[in-house]
Every structure is written in C-alpha cells, then in structure tokens.
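> show me how the following folds:
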Amino acid sequence: MCGIVGVVSDQPVNQVIYDSLLLLQHRGQDAAGIATAQGAHFNMHKAHGLVRDVFRTRNMRALPGNSGLGHVRYPGFGSTKSVDEAQPLYVNAPFGITFVHNGNLTNWQALREELFRVDRRHINTNADSEVLLNVFANELHRETASSQLDADKVFDAVASVHRRARGAYAVIAHISSHGMVAFRDPYGIRPLCIGRLDTDTGTDWMIASESVALTGCGYSLVRDVAPGEAVFIDQDKQLHSRQCADKTMLAPCAFEYVYFARPDSVMDGVPVYDARLNMGEHLADKVAKSFRLGDIDVVMPVPDSSRPSAMQLAARLDLSYREGLIKNRYVGRTFIMPGQAVRKKTVRQKLSAMELEFRNKNVLLVDDSIVRGTTSRQIVDMARQAGARKVYFASAAPPVRFPNVYGIDMPMQSELVATGRDVDDIAKEIGADGLVFQDAQVLRSSIQSLNPDIKDFDTSCFDGQYLTGDIDESYLRRITIERASVSTGEMATGRLQD
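Residues are numbered from 1 along each chain as shown. Model (predicted):
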C-alpha cells in the first residue's frame, strides 16, 4: 500500500508534488521520493523516512521541471533498507521512464524470470515494482521499434502489460520528452484518480491515489481512472484515454474504505467518511443484538479511522460518546509498521488513556478492524488500567482470516488473531468482555449503497476469495514459507509489497 502522484503543468511542480505527498503520508511512512523532468533530463531525490524529513531546501532546489512524479512507500514483506527499492524507479530505455506503483503483483517471480530469459532485461532489486516497470518498458519498446511514439502506442503497450501482469497495480509513468501515462489493473483494486486545475496558461493535471491529494492542492476531482483504463497526457497537456483491458470489473479493495484511505477522500465515487458512517450504522444493529445496551456506559473510538463509525454507532443506540484515547500524532500508523516488536512498542507511545473517562465505566471500544490483535489487546489493557469495569470491543470490519496478496502486508495466517478462533476465542485473546464483528455482506453494502456501479469488492482478507483467480493453497503456502525464512534471516533475497 503506497501513495502515488503525477503532475503536469506549465510551472515548476516540485512544491505541489511535495504538498501532495504530505496529504498522502498516511499511505506510506517508510520512504518518499520525487522525480521531475526538465526538458529531456530527469531529476530525482528519494530516501527512507517521512516526506518532511526526506526533502530539505537543497533537495527541492535540485528538482526543477514542470512535470514529475512522487511516491510514499509502505514497507512490505521482504523489503530491504536499500534506497534502490524506494520510488520513483527509472529505466533508460526506451526514451527514459520514471515510474511509481501502488499495489502488488502476484506473478512477479514468473515475470522476472521471463524478462531475463526472453526479454533480456535485468532486474536489479527485489521489488515487484521494478518488474512491472520493465514489463511496461519492454512492451513500449516493442510498440515503438519501427514507429514514433504516440498515445495509441502507449495504450497498446499498457494493453500488453494487462495481458502479462497479474495482481493489483495503480501506476503512473513519465516518458521523457513525450508525456505521462497512468493506468489501473482490470479490477481497479488499488485507487487512482484524475484532477485538473485551470490556470491563465492552460490546464494543469494531477493524478493521485486519493482525491484528498488533488483537492488539498487546489485541483478539482475530475473522475477516477477506470479499471483497465490508461490515461496519457502529452507534451501539449492534452489528455487522451482508452480502455486497454479485454475484461474489466470495478472491484476496489474494501480495506481501503475501512482503514487506509483518509476520511475526506472520495474513491470510486464513494465518500470514505460516509462509508464509515454506514459501517457504524450497521455495526450498531449488531451490537444491539449481541450486548445488553444497559451495560454500556460509553462508546469510544480507537483513533483515528474508526471515529466516524463510533460516532454513528453511539448516535443510533442513544449511548454517550467520549474521546477517551488520545493519539500522539507524531507516531506513525502502527498497522503499517514493519515488525511485530516495533508495533508492540509503538502502541503505548501512540495512545494514552484518560483515566477520567474510563474510571468505573463499562466501555465499548470501536476500532476499524482487528488484524493481529496486538494493538487491540494493549488497548483493552490500557482501558482496564485506567479504571474501566468492563471493556467491550466492536470491529467495523469482519474478522481478518486470510492473507492479502494485493499490497497489504499480512501474508502469514499464523499472524492473524482470527485464524482458527471463533469470536469468543478472539475476545478472550484480546482480553475483552465481549466482541462483535461487522458482517462481510453488511460491509459491502455500507460502501456499495453509495455507488451501485461498484459490482464487487476485493474482500480476500475476510473471505479468502481472490479476484485475480491465480491464488491457491500452494501459492499461500509458498509466501508463508518465504516470509518465515525472511523473518529468521534464512532467505538471501526477499521481496517488496508496495
């Protein structure tokens, strides 16, 4: 899970890309990078860390140009500390291409071997993003080997990428001296949207993971990039588009709406905040059936992404709503932190409990989801230490029982608290007096009711149904073994989920 952005303008773009990455910082906190184009020359700076730490004044001055890309990285299984795996990535042929990617290829290993054996392309890192970049570059080279590059040639290359690549991918690529292309996998699993800004010198374009990056920089949201579609902005800033996949279906990742996206974003026509309100509305009905409401004195969110659901739940059940957990905003999102030990240490630094709000009360804590259970267990402990008599827990998402192979770093089922446990067992594991989960179909309807054009969702981490059709038990066993080997230092080469 990463944040990506591309900007085409008549003015220098380094500052607007920087600003947009700040707005996408929640999508990745491991590394950040910007690449701009000045004529036929690319300028790039990337490093590990938050956006504000990676870019200093001297770095910004070294990024001239009126078009460019930006990226914030979410560290995944097997990622290394090599800055070479940070993005944007670059290849010098054909033309010179910079590239940013959000998602995860499921057939990256086969593609890597194919690129070496058939296409004679060398992959220098263990990032599936570099594999995808080289597939695109190779197909673009084929299309332009005997003719000039134009929008149709770019779209034909993207169509070939769709035929070869499997998994989730939202991509923006900058082709030196020709333009910028963006495309999305045929299921639209990862988000990507288009914005415009009308100026005295014409129209500026921005393409980004979430609409908040557009609106926060003064751009207007035009629309989402459709599943399988490619958008090309040429040197004259003219926007061209074409459907490049043979078979498409809008089926975005449900976990984006539950957790990853900012609440002020609109994704695939769905206001994220409204979707979370709907989740709370439906979760209230489940709570009313599962608990005696007279035993609940107060409803509290686990900040921040669960706040809309908790507020709506409390309002629907006519229960008091309080903010009893205070978040330290200078600590990153614990879910996307690399390593269980780091997450355990960070929870106490991230949240503190106000004793006044917990003392002698029966508290219902509402969180967006329960994944490993580590955070939930520590939060329940904090509530008891602050004086709560009873601590109930409600999750706005269903139990996470399966690995996500499309870009969210939870590939080992043994790490998931719901694996092999029913609801009562999970409640005991996290130390709660009672626990309810959202029903999977209810989660779907919470989102789909806001845009009926969404025909399906990637809910694989809840139900084990993988949209791309190439995931079976042997695949899941293999990634489990690979991850275990990486964690024990036995595997020489890992891999990166962006």
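> heading C-terminal from the helix or strand hosting Val135, find the next helix or strand.
For Val135, the host element (DSSP states H and E) is helix 128-144. Next helix or strand after helix 128-144 toward the C-terminus (DSSP H and E): helix 151-164.
> quick one: buried residues of that following helix?
Buried residues in helix 151-164, counted by 16 or more other Cβ atoms under 10 Å: 151, 153-162, 164. To be clear about C-beta, it is placed using only N, CA and C from the backbone, and glycine gets the same treatment.
> just the angle for that helix relative to helix 128-144, thanks.
Interaxial angle, helix 151-164 versus helix 128-144 (axes from the mean of the first three to the mean of the last three Cα atoms, to 10 degrees): 130 degrees.
> now this structure, which segments are flagged as low pLDDT?
In the predicted model of the chain, residues 76-81, 332-346, 410-411, 485-498 satisfy pLDDT under 70.
> endpoints of stretch 166-185, how far apart?
Terminal residues of stretch 166-185 are spaced 8 Å apart (Cα to Cα, to the nearest Å).
> how about that stretch: buried residues?
166-176, 178-185.
> among the residues you listed, which lie within strands?
Among the buried residues of stretch 166-185, the residues falling in strands (DSSP state E) are 167-175, 179-184.
> thinking again about what came up before, packing partners for the helix holding Val135?
strand 89-91, strand 97-105, helix 108-117, helix 151-164, strand 167-175 (3 or more Cβ pairs under 8 Å, 6 or more residues apart in numbering; DSSP states H and E).
> could the ones you listed be laid out in CSV, adding distance to Thr468?
Listed next are those as CSV, based on distance: least, Cβ to Cβ, whole Å:
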stretch, distance to Thr468
strand 89-91, 23
strand 97-105, 10
helix 108-117, 13
helix 151-164, 12
strand 167-175, 6
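> may I have stretch 195-206 as CSV, with CA atoms only?
The C-alpha trace of stretch 195-206 is given here as CSV (Å, rounded to 0.1, in the frame of the first residue of the first chain):
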residue,chain,number,x,y,z
GLY,A,195,-7.7,16.1,-11.1
ARG,A,196,-7.4,19.4,-13.1
LEU,A,197,-6.5,23.0,-12.3
ASP,A,198,-7.4,25.7,-14.9
THR,A,199,-4.8,28.5,-14.9
ASP,A,200,-4.0,31.5,-17.0
THR,A,201,-1.7,29.4,-19.2
GLY,A,202,-4.0,26.4,-19.6
THR,A,203,-4.9,23.3,-17.7
ASP,A,204,-2.6,21.6,-15.2
TRP,A,205,-3.2,17.9,-14.4
MET,A,206,-2.7,15.8,-11.3
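> what's that stretch in contact with?
Residues outside stretch 195-206 that contact it (Cβ atoms under 8 Å, 6 or more residues apart in numbering): 5-11, 16, 20, 180, 194, 207-208, 211, 213-215, 217-222, 233, 237, 239.
> what about those residues, which are in strands?
If you go by DSSP E, these have 5-8, 180, 194, 207-208, 220-222, 233, 239 in strands.
> and these, which is closest to Gly33?
Comparing those against Gly33 with Cβ to Cβ places Val5 closest, at 10.9 Å.
> neighbouring strands for whichever strand or helix holds Val363, and are they parallel or not?
Secondary structure assigned from DSSP H and E places Val363 in strand 362-367. Paired neighbours of strand 362-367 in the sheet (DSSP bridges): strand 298-301 (parallel), strand 390-395 (parallel).
> in the helix or strand that the first one is followed by, what's buried?
Helices and strands here follow DSSP H and E; after strand 298-301, the next one along the chain is helix 307-317. Taking 16+ other Cβ under 10 Å as the neighbour-count basis, helix 307-317 is seen to contain the buried residues 307-314, 316-317.
> and those, which two are the farthest apart?
Arg307 and Leu317 (16.2 Å).
> from His174, how far off is the closest residue in space to Arg163 that isn't next to it in sequence?
Excluding its sequence neighbours, the residue lying closest to Arg163 (Cβ to Cβ, 6 or more residues apart in numbering) is Asp246, at 7.9 Å. Between Asp246 and His174 the computed distance is 26 Å (Cβ to Cβ, to the nearest Å).
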